[in-house]
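# from the sequence below, what's the structure:
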Amino acid sequence: MISDIVRVRFAPSPTGYLHVGGLRTALYNYLFARHTSGKFILRIEDTDRARFVPGAVENLIDTLRWSGLTYDEGPDKDGGFGPYIQSERLEIYKEYTTRLINSGKAYYCFCTPERLKELRESQTEQKLQGKYDKHCLSLSADEIQNKLNNNIPHVVRLNVPANEIVTVHDIIRGTVEFDSNTVDDQVLLKSDGYPTYHLANVVDDHLMKITHVIRGEEWLPSTPKHVLLYNAFGWEIPEFAHLPLLLNPDKSKLSKRQGDVAVEDYRSKGFLKEALVNFVALLGWNAGDDREFYYLDELISGFSLERVNKSGAVFNIEKLNWLNFEHLRQKPVHEVISMLRTELKSSDFSSYEFPDNYLAQVIESMRERVSFVKELLTKSPYFFQLPAGYDEATLKKRWKEDSHLLLSKLRDNFVRLSDPTKEDFENSLHNTALENNVGNGKLIHPLRLAVSGMGEGPGVFDIVAILGKEETIKRIDKALSVLT
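Residues are numbered from 1 along each chain as shown. Coordinates of the predicted model:
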């Protein structure tokens, strides 16, 4: 066996943001490692220098930490198998490439881009599969050495054997077979000295003792190349598990053209990490029941690769919104207060001071009405400042000819209250209605409009109890002066 314990890795390329598909790959690796008491490794695959984005590595690490997916080994956590950044392992790849060349399993290729282009065009015209024709495999040792001495640009290719069936055992998809005649003599080492994904991936997985390769379905066609490389080296092959594609609602592959695909986008919009992780976990996996709400420790406990689906998983933003609502609803109030204070600092209310007990009351009153913390500000701004105006539709519908007089009498009754509770405000309004021979609604709607400027929200007695007597009377006075 490769290792006595499960060792899995998440190996992103630092090309910008972390795609939600990448987060799912990281999550499934993490869950599998934690479920089996194994190791979760972060490896940075930065050998494609043309696509490298400065700062992307730091962003990846920050995003993983924000998501709660702590890795056991990585660029800043040496577990004895480093370096964990591929650009720092170039000499290792060159050494193993030389081994393959010496054993006849790989060869130098000096073909120019022009020749390769002509070859592709010819194969296209003949309706043949586009693959290298092994032209340089027939070069003599003297020819090769002469070209090397003259610094002729070259790559190193794998010498794929003909007429073999390459068998891939996949935990999710079962046994998948490929004909080696359809596998190209892939480039292992590029002309700039950097390895291709295929070489670096296999060498690193072997040296880091990776037991299970859990990655996206898009890598399945490359897997026979990797199996052939393992065979060429004489190494034990890890177990594979290829995850289903993520799809848009129209069943096309998830892309930025149809919405946000970066974890950072959802983070900046205020989605909770618990909700996003919960949602992503269900994109291709289920525990065999109808349950949809999970915390991370529950996902760890119930996860298995055998319950990952083969078919594509549809990214349903409505479900993510619902999960965010549910997770926010279950959050302890002190955590929500902390997040709310962060929102307040960057809001129009940043200059105001609000004690924790006041914010706690606001949060509890709005629990069932918000899916995001910032909606506490956008849906109930009246808790943080005087109403800037009064909703026109509500004013037209709810402010009647006698509203001014009735609200004025209610105001006078509120003044007589001493340190009133929610029930005291409610009783006072009820008594005012009886005194004036009207229904409670004739007072409730004008009162709500006066204190909030809106026609909907929590119960009006909750609002006035949170605002308090002085602030409530102040707002009624303003409404009476404006809504004449």
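# tell me the contacts of L245?
By C-beta atoms under 8 Å, 6 or more residues apart in numbering, the contact set of L245 is G216, E217, E218, K253, L254, G312, A313. Quick note: C-beta positions are derived from backbone N, CA and C, even for glycine.
# quick check: domain ranges of this structure?
91-189, 331-384, 386-484 (automatic domain parsing).
# can you name the two of the contacts of L245 that sit furthest apart?
Farthest-apart pair in the contacts of L245 is E218 and A313; separation 13.8 Å (C-beta to C-beta).
# tell me which of these two has more neighbours.
A313 (20 against 12; other C-beta atoms under 10 Å).
# gap between that one and A33?
Relative to A33, A313 is positioned 21 Å away (criterion: C-beta to C-beta, to the nearest Å).
# wait, D391 sits on A450?
No - using C-beta atoms under 8 Å, D391 makes no contact with A450, being 11.8 Å away.
# in the stretch 151-300 of the chain, mark out all the helices, start to finish.
For the stretch 151-300 of the chain, the helices defined by DSSP state H, counting those that start in this stretch cover 197-207, 223-233, 263-268, 273-281, 296-302.
# nearest to L27, of the ones you listed?
L27 sits nearest to helix 273-281 of all the helices of the stretch 151-300 of the chain, at 5.7 Å, using C-beta to C-beta.
# who touches that closest one?
Outside helix 273-281, the residues touching it (C-beta under 8 Å, 6+ apart) are 20, 23-24, 27-28, 31, 66-69, 263, 266-267, 292-296, 299, 303, 319-320, 323-324, 326-328.
# re earlier: the helices of the stretch 151-300 of the chain: which one's closest to S418?
Comparing these by their distance to S418 (C-beta to C-beta), the top pick is helix 273-281, with 43.6 Å.
# report the backbone C-alpha coordinates of the closest one in PDB.
Extracted as PDB, the C-alpha positions of helix 273-281 are listed here (Å, rounded to 0.1, in the frame of the first residue of the first chain):
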ATOM      1  CA  LYS A 273     -19.200  30.000   5.100                       C
ATOM      2  CA  GLU A 274     -21.400  27.400   6.800                       C
ATOM      3  CA  ALA A 275     -24.100  27.800   4.200                       C
ATOM      4  CA  LEU A 276     -21.700  27.800   1.200                       C
ATOM      5  CA  VAL A 277     -19.900  24.700   2.400                       C
ATOM      6  CA  ASN A 278     -23.300  23.000   3.200                       C
ATOM      7  CA  PHE A 279     -24.500  23.900  -0.300                       C
ATOM      8  CA  VAL A 280     -21.400  22.800  -2.100                       C
ATOM      9  CA  ALA A 281     -21.300  19.500  -0.200                       C
END
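# any idea how far that helix is from the chain center?
Centre-to-centre, helix 273-281 and its host chain are 8 Å apart (C-alpha atoms, centre = their mean, to the nearest Å).
# now that helix: average pLDDT?
Across helix 273-281, pLDDT averages out at 98.
# for it, list every residue counted as buried.
Residues K273, E274, A275, L276, V277, N278, F279, V280, A281 are the ones in helix 273-281 that count as buried (16 or more other C-beta atoms under 10 Å).
# which one of those residues is nearest to P113?
V280 (40.6 Å).
# do you know how far that closest one is from F293?
Distance from V280 to F293, by C-beta to C-beta: 14 Å.
# could you do I41 as well?
30 Å.
# and K319, by the same measure?
Distance of K319 to F293, computed by C-beta to C-beta: 11 Å.
# just W66 next, same as before
Taking C-beta to C-beta as the measure, W66 falls 21 Å from F293.
# check I300 too.
15 Å.
# residues contacting G441?
G441 makes contact with no residue, according to C-beta under 8 Å, 6+ apart.
# same question for G389.
When contacts are counted by C-beta under 8 Å, 6+ apart, G389 is found next to G453.
# one more time with 10 Å, if that's ok
With contact set as C-beta atoms under 10 Å, 6 or more residues apart in numbering, G389 has these partners: L395, G453, M454, V482.
# so, low pLDDT: which residues of the stretch 201-350 of the chain?
256-259 (pLDDT under 70).
# can you tell me the element E121 falls in?
Here E121, judged by DSSP states H and E, is contained in helix 113-125.
# show me which residues of that helix are buried.
The neighbour-count check on helix 113-125 (16+ other C-beta under 10 Å) flags L119 as buried.
# what's the answer for stretch 141-150, then?
For stretch 141-150, the neighbour count (16+ other C-beta under 10 Å) marks I144, K147 as buried.
# quick one: mean pLDDT for it?
Averaging pLDDT along stretch 141-150 yields 96.
# name the pair among the contacts of G389 with the greatest separation in space.
The largest separation in the contacts of G389, counting by C-beta to C-beta, is between M454 and V482 at 15.0 Å.
# which one of those two is surrounded by more residues?
M454 (18 against 11).
# and the pLDDT for the more buried one?
95.
# quick one: the residue nearest to it when sequence neighbours are not counted from Y382, how far?
Spatially, and ignoring its direct neighbours in sequence, M454 is nearest to D391 (5.3 Å; C-beta to C-beta, 6 or more residues apart in numbering). Computed as C-beta to C-beta, the D391 to Y382 distance reads 11 Å.
# again with F81
57 Å.
# please apply the same query to F354.
Counting by C-beta to C-beta - F354 and Y382 are separated by 13 Å.
# neighbour count: the two, which is higher?
Comparing F354 with Y382 by other C-beta under 10 Å, the one with more neighbours is Y382, at 19 against 15.
# got phi/psi on the more buried one?
Torsion angles at Y382 (phi, psi; degrees, to the nearest 10) stand at phi -70, psi -20.
# give me the next element, helix or strand, following the biggest helix by length in the chain.
Longest helix in the chain, counting residues (DSSP state H): helix 20-35. Using DSSP H and E, the helix or strand that follows helix 20-35 towards the C-terminus is strand 39-42.
# packing partners of that next one?
Identification of packing neighbours for strand 39-42 by 3 or more C-beta pairs under 10 Å, 6 or more residues apart in numbering; DSSP states H and E yields strand 7-10, helix 20-35, helix 56-67.
# what's the nearest residue to V166 if we skip its chain neighbours?
Using C-beta to C-beta, 6+ apart, the closest residue to V166 is P224 (4.0 Å).
# list the contacts for that neighbour?
Applying C-beta under 10 Å, 6+ apart to P224 gives the contacts 160, 164-168, 176-180, 182-183.
# kindly report the same for L296.
L296 sits next to L27, Y30, L31, R34, S67, G68, L69, K273, E274, V277, N278, A281 when contact means C-beta under 10 Å, 6+ apart.
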